[in-house]
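Q: Structure of the sequence below:
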Amino acid sequence: MTLTGRCHCGRNAFEIDGELPETLTRCTCSFCSKRGHLYAYYPPERFKVTQADSDAIYRWNTRQVHNHFCSACGCDLYADSPDFQRDGSWDGKTRRIAVNARLLDDLEAADWPVTVIDGKNLW
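A: Take a look at the predicted model:
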């Protein structure tokens, strides 16, 4: 199955070779809680940017997480990050893509089951 998504103005788009996860993730860290996104996680090889006309990147703290957003309409697109485990550990090499599920076509993310990660205290 191919999932597609795009920002509000349509200048950035992506596709995912995969299914919707059983649950979406809400993180309580200072960045995620202010943005309000719900994440769906995928391995990088299943994620493809199909249009990036106004893609911008925000990095903070350790600069290991690359938060992509649309510089035109401001929508948070996805994050390319270390594959942190629920205890905050990381193997030092494996990465993952955290897609803002609110941008997925034909999905009402607010109606999907959500798991909360205590990022406020983990990272």
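Q: Please, where are all the helices along this protein?
A: Along the chain, counting by DSSP state H, helices occupy 30-35, 119-122.
Q: what residue ranges in the protein score low on pLDDT?
A: Scanning the chain for pLDDT under 70 picks out 123.
Q: Run through the strands of it in chain order.
A: Secondary structure of the chain, counting by DSSP state E: strands at 2-6, 12-17, 24-27, 39-42, 47-52, 55-58, 66-70, 76-82, 95-100, 114-117.
Q: Output those in TSV; the columns should cover mean neighbour count and distance to Leu107.
A: Any C-beta I mention is one placed from the backbone N, CA and C, and that applies to glycine too. What follows is these, written out as TSV (neighbours: other CB atoms under 10 Å; distance: least, CB to CB, whole Å):
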stretch	mean neighbour count	distance to Leu107
strand 2-6	17	8
strand 12-17	20	11
strand 24-27	20	9
strand 39-42	22	9
strand 47-52	14	16
strand 55-58	14	21
strand 66-70	20	18
strand 76-82	21	15
strand 95-100	22	11
strand 114-117	14	13
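Q: and these as a markdown table, adding distance to Asp106?
A: Output for the strands of the chain, formatted as a markdown table (distance: least, CB to CB, whole Å):
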| stretch | distance to Asp106 |
| --- | --- |
| strand 2-6 | 8 |
| strand 12-17 | 13 |
| strand 24-27 | 15 |
| strand 39-42 | 13 |
| strand 47-52 | 16 |
| strand 55-58 | 23 |
| strand 66-70 | 20 |
| strand 76-82 | 17 |
| strand 95-100 | 14 |
| strand 114-117 | 18 |
